[in-house]
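Asks: got a sequence here, can you model it:
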Amino acid sequence: METCATDEICNSAGTACQCNAAAYQFVRGASPPVNFTCTGAKFNIQVSKCWLEKNGYDTSDIRLNSTNSNCSAGREIVDGISEMTLYRPLISSDCNTAAELNTTHVIYTNHLYIFGKTNPIRITNDAVMNISCAYPLNINVALNVTLHPILGTTEINGPNGTGSYAAIMMAFKDSQYSIPLSEDDSLMVEDTIYLSVRVPDLDVNTSKLKVVNIYASPTNSSDQKYYLLQNGCPGSDVPADQLTVDSNGVGIESRFAMKVFQIANSNAVYLFADLKLCTTDCATTCPSQAKDASSDGIAGRVNIFLNAGKGLKWL
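Replies: A predicted model of the protein is given here:
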């Protein structure tokens, strides 16, 4: 028997919870009372399950702009109330979330769909809501940026496990890290692109960001890995000049210059970065392939995706 919320009652058979019909009123034309926040580098969505059912909505089908089951809301008891909740990371490839840039922020947008119940009759229209989360870049980005930058965002734990921060990984065309690389740009093998990993809200006086590892994979599962950076030093799987460290472990941003490459029999390249937050400068002295203490205590992982199928051409 599942635990019932304060706005639910046990069914007559004593086997499941159902909404208490007296807990809410039907309000013609009212919009669903969605509680939406952007904390922890995620879309965080909550809406009362029993309010929805009372007002003619189908709680079995609440989702973002994707039919993937991971993009659908599920029941959760929050502060004693039965809620339909959905938590999804701010990643442009997740649930068809779109990422846009302006000169100060990266903005993630999607749509939330709450469908009207049709059985036995329909008494309300479908609800479609625009949702968006903005995170500061704290860098100067060129004004003529595209709407399809190559970037990824994740949530990482703070130093010693305290708090959480949004980490942003972006690819740039220029060594000033100001002109974002777009999904529509064409590249050739051996071209140079520039990778930035930032934690914009990090206090540089108390914490530093270190990228411990960067590896490439032809799939998102990352089972097949080619290390470009390993324990803070050039990886053993590629030539040493494939990835050059411009800055790492000394501030809120780590920067790398990378020679474009192609994984055999694949036009797709996923780049993953393992991240750590230090309380002091934690740059690694290279060359060294020995295990670095900084390889312990990984706080999180962020990735970006280069795909010929979306316009990036390996010529």
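Asks: every contact and neighbour count from this point should use C-alpha atoms.
Replies: Noted.
Asks: in the stretch 1-150 of the chain, which spans are strands?
Replies: Along the stretch 1-150 of the chain, the stretches classed as strands by DSSP state E, counting those that start in this stretch are 8-10, 17-19, 35-37, 42-48, 57-63, 74-78, 81-89, 98-101, 105-116, 127-136.
Asks: tell me which of those strands lies nearest to D174.
Replies: Among the strands of the stretch 1-150 of the chain, strand 98-101 comes nearest to D174, with 16.7 Å by Cα to Cα.
Asks: which residues touch the closest residue to M258 other than its chain neighbours?
Replies: The shortest distance from M258 to any non-neighbouring residue, by Cα to Cα, 6 or more residues apart in numbering, is to L243 (4.5 Å). Shown in contact with L243 (Cα atoms under 8 Å, 6 or more residues apart in numbering): 228-229, 234, 256-259.
Asks: re earlier: lowest average pLDDT across the strands of the stretch 1-150 of the chain?
Replies: When the strands of the stretch 1-150 of the chain are ranked by mean pLDDT, strand 98-101 comes last with a mean of 82.
Asks: before we move on, back to that, for the contacts of L243, point out the one with the lowest pLDDT.
Replies: If you rank these by pLDDT, P234 sits at the bottom with 87.
Asks: flag every buried residue along stretch 80-91.
Replies: Residues of stretch 80-91 classed as buried: 81-91 (neighbour count, 16 or more other Cα atoms under 10 Å).
Asks: could you do stretch 33-46 as well?
Replies: Within stretch 33-46, the residues that count as buried by 16+ other Cα under 10 Å are 36-38, 40-46.
Asks: helices and strands of the chain: which one bottoms out on pLDDT?
Replies: strand 313-314 (a mean of 52; mean pLDDT, DSSP states H and E).
Asks: list the contacts for the nearest residue to Y87 once chain neighbours are set aside?
Replies: The shortest distance from Y87 to any non-neighbouring residue, by Cα to Cα, 6+ apart, is to N44 (4.7 Å). Contacts for N44 (Cα under 8 Å, 6+ apart) come out as 36-38, 85-88.
Asks: repeat for V245
Replies: Contact analysis of V245 by Cα under 8 Å, 6+ apart lists 255-257.
Asks: at 10 Å what do you get?
Replies: 195, 229, 232-234, 254-258 (Cα atoms under 10 Å, 6 or more residues apart in numbering).
Asks: and L64, by the same measure?
Replies: Contacts of L64 by Cα under 10 Å, 6+ apart are 70-73, 86, 88, 94-97, 110-114, 128-131.
Asks: nearest residue to it in space, please, no chain neighbours.
Replies: Leaving aside its chain neighbours, L64 sits nearest to L112 (4.7 Å; criterion: Cα to Cα, 6+ apart).
Asks: what count of nearby residues applies to that neighbour?
Replies: Residue neighbour count, defined by other Cα atoms under 10 Å, stands at 19 for L112.
Asks: my guess is it contacts Q46. True?
Replies: No. Counting by Cα atoms under 10 Å, Q46 is not a contact partner of L112; they are 11.2 Å apart.
Asks: so what sits against both of the two?
Replies: With Cα under 10 Å, 6+ apart, L112 and Q46 have common neighbours V34.
Asks: ok, what's across the strand from the residue lying closest to P33 once chain neighbours are set aside?
Replies: Among residues not flanking P33 along the chain, V47 sits closest, at 6.0 Å (Cα to Cα, 6+ apart). Here V47 sits in beta bridges with M84, going by DSSP bridges.
Asks: next up, the contacts around V47.
Replies: For V47, the contacting residues are 32-36, 59, 62, 73, 75, 81-86, by Cα under 10 Å, 6+ apart.
Asks: what do you get for Y24?
Replies: Contacts of Y24 by Cα under 10 Å, 6+ apart are 7, 50-55.
Asks: nothing else from me, thank you.
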